[in-house]
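Engineer: Fold the stuff below for me.
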Amino acid sequence: MAQADVTRRATAVDVAREAGVSRATVGFVLNRTAGQTISESTRDRVLDAARRLGYRPNSAAVTLRSGRSRLVLLVLPDWPMVTALRGYVEAAESALEERGYCLVTHTRPAGGPGRPLWESLNPELVYGITPFGTDDIASMRRCGVLEIFPDPEDPESVDLSLAVSTGPRLQVEHLHERGCRTLAYVAHRAARPPFLVDARYRAAQERARTLGLPPLELVRVDHRDASADRAVRAWRDAGITGVVGFDDDVAAVVVGAAVRAGIQVPGDLAVIGHDDTLPAAVFVPSLSTVRIDTEALGRAFAGMIVQRLEGASRTRLDFPADSATVVDRESTQR
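Structural biologist: Numbering: from 1, shown residues only. Take a look at the predicted model:
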């Protein structure tokens, strides 16, 4: 079969030639035009040819034809691009592309200068990991952005309850199953993002309450000083037997401090982290943790965005509850 010239971008004409169909048929299939009587075999042949040739629609042409840019702008705060967040973005990007949308990410330093990207692009929707301020919302409105998420007029449009609370609930349940009845919650002193620390802590606190456990104290430590050493000694004196870590990094800091203090892990103090990063698996003792299916979360985000752009009356970000699991390792095995 004929192959597109690798030195130039594949066109719809190339796809039509490769699939053995008309240019119009390619347009109907790739644009998902309603009311066409195109067989499934022909549709599959066109999509397969487009994939083989690496066809991507010309965004300017699409915008001119349809009046829609099909661009989704994801605004990321100035946080480290950790593995979990990267996986979430990659999954969302792939899922949106399958539906004919393009995801563009934009990182804005907190309080820093710089022109926001929505002033240069023509996004159909701007999505923020954290809620936008009034100045940003006004700027988007002036630029003609029609869809903003979180919706400034509907505070309940963000339903991250499962995405935020499932992990901490599993952490508390896991320690409870291991016989721990007095727990503490630990986070980095200068943790980013602070709102996520607070949300996870509240979720852990609520689960402890429903299990009949005493309230969890929130302790903040820093690996650069002796705060973790002081914390583990205080926990030993207070009879704390289990520690819920905001993430794997702070869990490792706690375990290291416990070992230095002669506190056995998990015999005297069981510790569980969150996010299932590589250090959790190779740390000694290896860290029990919560693994989040970032691909499922990313695809859930993409589904919510598509529903919103295609006129759904009610859109929420639904996180599959079974996409968070405990990874049981040495730091809690008794």
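
Engineer: Now do the strands in the stretch 51-200 of the chain.
Structural biologist: If DSSP state E, counting those that start in this stretch is used as the criterion, the strands of the stretch 51-200 of the chain fall at 71-77, 102-108, 125-128, 147-149, 183-188.

Engineer: Need those in TSV (columns: mean neighbour count).
Structural biologist: All C-beta spots, glycine's among them, are computed from the backbone N, C-alpha and C. Below are the strands of the stretch 51-200 of the chain laid out as TSV (neighbours: other C-beta atoms under 10 Å):
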stretch	mean neighbour count
strand 71-77	20
strand 102-108	17
strand 125-128	23
strand 147-149	20
strand 183-188	24
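
Engineer: Out of these, which is closest to residue 279?
Structural biologist: Proximity to residue 279, assessed across the strands of the stretch 51-200 of the chain by C-beta to C-beta, is greatest for strand 183-188 (14.5 Å).

Engineer: Provide the strand pairings for that closest one, with the direction of each partner.
Structural biologist: strand 217-221 (parallel), strand 242-245 (parallel) (DSSP bridges).

Engineer: Single out the most deeply packed of those strands.
Structural biologist: strand 242-245 (a mean of 30; mean count of other C-beta atoms under 10 Å).

Engineer: about what we covered before: out of the strands paired with strand 183-188, which gets nearest to residue 292?
Structural biologist: strand 242-245 (14.3 Å).

Engineer: Where does pLDDT dip in the chain?
Structural biologist: 1-9, 31-36, 56-68, 77-85, 108-114, 154-163, 191-193, 312-321 (pLDDT under 70).

Engineer: Could you break it into its assigned domains?
Structural biologist: Per automatic domain parsing, the domain ranges recorded for the chain read 12-56, 66-157, 161-292.

Engineer: Comparing the ones you listed, which comes out most buried?
Structural biologist: The most buried one of the domains of the chain (mean count of other C-beta under 10 Å) is domain 161-292, showing a mean of 19.

Engineer: that older thread, distance to residue 261 added to the strands of the stretch 51-200 of the chain, as a markdown table?
Structural biologist: Formatted as a markdown table, the strands of the stretch 51-200 of the chain follow (distance: least, C-beta to C-beta, whole Å):
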| stretch | distance to residue 261 |
| --- | --- |
| strand 71-77 | 35 |
| strand 102-108 | 39 |
| strand 125-128 | 42 |
| strand 147-149 | 46 |
| strand 183-188 | 15 |
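
Engineer: between those strands, which one is nearest to residue 252?
Structural biologist: Per C-beta to C-beta, nearest to residue 252 of the strands of the stretch 51-200 of the chain: strand 183-188, 11.0 Å.

Engineer: that older thread, just so I know, which of the strands paired with strand 183-188 lies nearest residue 167?
Structural biologist: That would be, of the strands paired with strand 183-188 and by C-beta to C-beta, strand 242-245, which comes in at 9.7 Å.

Engineer: Distance check, residue 106 against residue 205.
Structural biologist: 34 Å (C-beta to C-beta, to the nearest Å).

Engineer: got a markdown table for the strands paired with strand 183-188, with distance to residue 326 too?
Structural biologist: Shown next, in a markdown table, are the strands paired with strand 183-188 (distance: least, C-beta to C-beta, whole Å):
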| stretch | distance to residue 326 |
| --- | --- |
| strand 217-221 | 21 |
| strand 242-245 | 12 |
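
Engineer: Relative to residue 290, which of the ones you listed is closest?
Structural biologist: Across these, closest to residue 290 is strand 242-245 (C-beta to C-beta), at 9.7 Å.
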